[in-house]
Structure formats: structure tokens, C-alpha cells
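> here is my input, please return the structure:
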Amino acid sequence: MKLTLARDVTLTDVDSGAVLLDGRRGRYWQLNRSGAGVLRKLLDGEEPDAAAASLCATAPVGDDQARQDVRALIDALSAADLVEVAS
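Numbering: from 1, shown residues only. Next up is the predicted model:
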């Protein structure tokens with residue numbers, strides 16, 4: 001799976017995590033530190049299972065829950081047209 005930011009979307013780190021700005025619509029999304037870390041790993045080419053394993057190492061979450069959380073993040077960002085997912 002290859003995940004990239006959609007055109008006109010920027011990602012900026014902030015103290016609490018990160019902000020995604022959709023320049024097309026003038027809207028933004030805020031991610032907490034865990035979500036921002038997962039997104040960065042996915043954008044760097046990590047597979048979702050590897051990003052979930054990294055999440056388990058840094059947050060008090062089990063393997064199954066981490067995988068579900070990573071999938072939910074991908075689905076939400078994709079549904080909002082903030083990222084593009086290619087197989």
C-alpha cells in the first residue's frame with residue numbers, strides 16, 4: 001500500500017501532534033501525537049501493520065486495537081480526500 005497526501009494538502013507538525021490543511025476547501029484536520037506519528041510512518045512507506053506495531057511500542061494499546069486504529073485513520077483521511085491510497 002502506498003499512501004500520499006492529496007494535492008493541495010499540507011501536513012504541519014504542532015506541539016500536540018500535526019495539522020492537515022486542505023488548501024482546496026480551506027479546511028483543516030488536527031491529529032494528536034499518535035495519529036500524526038502513524039500518518040508520518042505511512043507517508044514514509046511503512047505498511048499499516050508496521051505502523052500499528054510502532055503504535056503499540058509507544059502507546060498503551062494492544063495489537064488488534066492498534067491495527068483497527070490505523071485502518072480507521074486511513075479510512076477517515078481517505079474519505080475526507082486528504083490522502084490518496086494506492087495498492
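> tell me which element residue 49 is part of?
Assessed by DSSP states H and E, residue 49 sits inside helix 48-58.
> buried ones in that helix, by neighbour count?
48, 51-56 (16 or more other C-beta atoms under 10 Å). Using the backbone N, CA and C atoms, a C-beta is placed for each residue, glycine as well.
> what lies in contact with that helix?
1, 34, 37-38, 41-42, 46, 61-63, 66-67, 69-71, 74 (C-beta atoms under 8 Å, 6 or more residues apart in numbering).
> emit the PyMOL select command for whichever of those residues are buried.
Filtering the contacts of helix 48-58 down to the buried ones (16+ other C-beta under 10 Å) takes a single PyMOL command:
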select buried, resi 34+37+38+41+42+46+61+66+67+69+70+74
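> widest-spaced pair of the contacts of helix 48-58?
Greatest spacing in the contacts of helix 48-58, by C-beta to C-beta: 1 and 62 (22.1 Å).
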